[in-house]
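[1] Attaching a predicted model along with its sequence, questions to come.
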Amino acid sequence: MEYAKSILDTIGNTPLVKINRLTAELPCLVLAKYETFNPGNSVKDRMALKMIEDAESNGLLKPGGTIVEGTSGNTGMGLALAATVKGYKLICVTTDKQSKEKVDILKAMGSEVHVCPTDVEPDDPKSYYSTARRLAQEIPNAWYVNQYDNPSNSKAHFESTGPEIWEQTQGTVTHFVVGVGTGGTISGVGRYLKSKNPNIKVWGVDTYGSVFKKYHETGIFDKNEIYPYITEGIGEDILPKNVDFNIIDGFTKVTDKDAAVYTQRLAREEGMFLGNSAGAAIKGVLQLKEHFRKDDVVVVLFHDHGSRYVAKMFNDEWMRKQGFLD
Ligand SMILES: Cc1ncc(COP(=O)(O)O)c(C=O)c1O
């Protein structure tokens with residue numbers, strides 16, 4: 001018989017899928033690392049499991065313990081799968097900007113969810129960063145995951161996502177493009193691919209309202225770059241330790257409108273029902289066009305599933321209200 005010992009054994013080994021219509025103007029092959037095939041429907045299952053396993057081995061997470069994390073939903077889902085299988089309680093702290101579906105899904109998985117305001121400074125006691133930290137201190141036998149600074153986040157991608165891309169492309173990958181939030185995906189995959197071939201270019205997709213691109217180009221953390229934006233999952237108002245700026249060759253910024261429009265286009269022109277950061281990522285690939293040559297193999301990673309965005313980017317009334325439909 002062939003079966004997985006638990007749902008956790010089905011994490012990883014996701015397919016690589018050719019993008020056809022949306023990238024027709026590019027001279028090269030563009031392949032999507034299609035992470036919705038993970039059991040929690042996002043790439044985050046990989047790092048959630050790795051962070052928990054490492055915390056168990058380091059003695060930070062003990063039997064019967066409570067896992068506390070600030071998460072927009074996908075990491076929470078990955079943590080929920082692992083917490084359920086391994087017998088831990090999970091508390092997720094999120095912001096009021098995240099889609100209702102994401103919060104409902106976490107509750108459906110048995111997680112306690114606290115919703116905090118988006119529009120406050122990271123060190124404000126009401127922010128979701130501060131709230132998660134405080135809960136982890138107040139609750140006995142609790143462990144604060146901190147996906148932003150936890151090195152197991154990028155390690156997960158160095159050990160699984162990166163090697164899969166290298167093997168699936170038989171070492172022919174020339175460019176890796178991905179949205180950046182905590183930085184775990186770009187840093188882990190980028191570090192692995194560059195260890196195999198230092199000529200591979202690693203490109204980050206950023207949002208307007210986030211600090212990454214300017215910091216990478218100038219070394220300046222410019223608070224003027226920070227303002228609320230609509231794109232979900234990418235961009236930050238902090239510099240997470242998981243973003244390894246040295247392995248990133250460049251950033252491109254995608255507007256909220258383009259990210260939303262391309263999320264719809266992926267579904268309607270490629271049959272790829274994906275989340276908002278996938279729309280940003282594919283538009284980022286198109287914006288980076290001048291860097292690609294005929295024989296290049298560009299891999300773009302798509303983080304999560306479209307079902308979490310049906311009331312937003314897939315809802316034309318919402319799109320019209322934002323001024324995203326012409
Ligand atoms: C939908 C989505 N896209 C992109 C990202 C960014 O990935 P990373 O945190 O590995 O940089 C996240 C992370 O939260 C996400 O949830």
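    Cool, got the structure.
[2] which residues does the closest residue to the ligand within the chain contact?
    Here the chain gets closest to the ligand at one residue, residue 233, 2.5 Å apart by C-beta to the nearest ligand atom. Glycine gets a C-beta too; all of them are placed from N, C-alpha and C. Contact criterion C-beta atoms under 8 Å, 6 or more residues apart in numbering gives 72, 74, 179, 181, 275-277, 303-304 as the residues in contact with residue 233.
[3] can you pull the pLDDT of it?
    We have a pLDDT of 90 for residue 233.
[4] Surely it is in a strand?
    No. In this structure, residue 233 is coil, not part of a strand, as judged by DSSP: H, G, I helix; E, B strand; the rest coil.
[5] need the residues of the protein near the ligand, please.
    Those residues of the chain that sit near the ligand, judged by C-beta under 6 Å from any ligand atom, are 72, 74-75, 179-186, 233-234, 275, 277, 303-304.
[6] can I assume residue 43 is in contact with residue 305?
    No. Applying C-beta atoms under 8 Å, one finds residue 43 not in contact with residue 305, separated by 10.7 Å.
[7] Could you pull out the residues contacting both of those two?
    Where contact means C-beta under 8 Å, 6+ apart, no residue is in contact with each of residue 43 and residue 305.
[8] More neighbours: which of those two?
    Neighbour totals were compared for residue 43 and residue 305, and residue 43 leads with 33 against 20 (other C-beta atoms under 10 Å).
[9] residues contacting the more buried one?
    The contact partners of residue 43, taken as C-beta under 8 Å, 6+ apart, are 35, 74, 161, 185, 301, 303-304.
[10] Counting only helices, which of those make the cut?
    74, 185 (DSSP state H).
[11] Which one of the contacts of residue 43 is nearest to residue 28?
    Residue 28 lies nearest to residue 301 out of those, by C-beta to C-beta, at 16.6 Å.
[12] dump the residue contacts of the closest one.
    The neighbours of residue 301, taking C-beta under 8 Å, 6+ apart as the test, are 32-33, 35, 43, 161, 176-179, 185, 189, 281.
[13] can you redo those as JSON lines with pLDDT and secondary structure?
    Supplementary listing: the contacts of residue 301 in JSON lines, determined by pLDDT from 0 to 100; DSSP: H, G, I helix; E, B strand; the rest coil:
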{"residue": "32", "pLDDT": "98", "secondary structure": "strand"}
{"residue": "33", "pLDDT": "99", "secondary structure": "strand"}
{"residue": "35", "pLDDT": "98", "secondary structure": "helix"}
{"residue": "43", "pLDDT": "98", "secondary structure": "coil"}
{"residue": "161", "pLDDT": "98", "secondary structure": "helix"}
{"residue": "176", "pLDDT": "99", "secondary structure": "strand"}
{"residue": "177", "pLDDT": "99", "secondary structure": "strand"}
{"residue": "178", "pLDDT": "98", "secondary structure": "strand"}
{"residue": "179", "pLDDT": "98", "secondary structure": "strand"}
{"residue": "185", "pLDDT": "98", "secondary structure": "helix"}
{"residue": "189", "pLDDT": "99", "secondary structure": "helix"}
{"residue": "281", "pLDDT": "98", "secondary structure": "helix"}
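[14] out of those residues, which are buried?
    Among the contacts of residue 301, those classed as buried by 16 or more other C-beta atoms under 10 Å are 32-33, 35, 43, 161, 176-179, 185, 189, 281.
[15] all helices for this structure, in order.
    The residue ranges that make up the helices of the chain, judged by DSSP H, are 44-58, 74-86, 100-108, 128-138, 151-156, 162-168, 184-196, 212-218, 256-270, 276-287, 316-321.
[16] and those helices, which one's lowest on average pLDDT?
    Per-stretch averages of pLDDT across the helices of the chain put helix 100-108 at the bottom, with a mean of 87.
[17] distance between that one and the chain's centre?
    Between the mean C-alpha location of helix 100-108 and the chain-wide mean there is a distance of 17 Å, by C-alpha atoms, centre = their mean, to the nearest Å.
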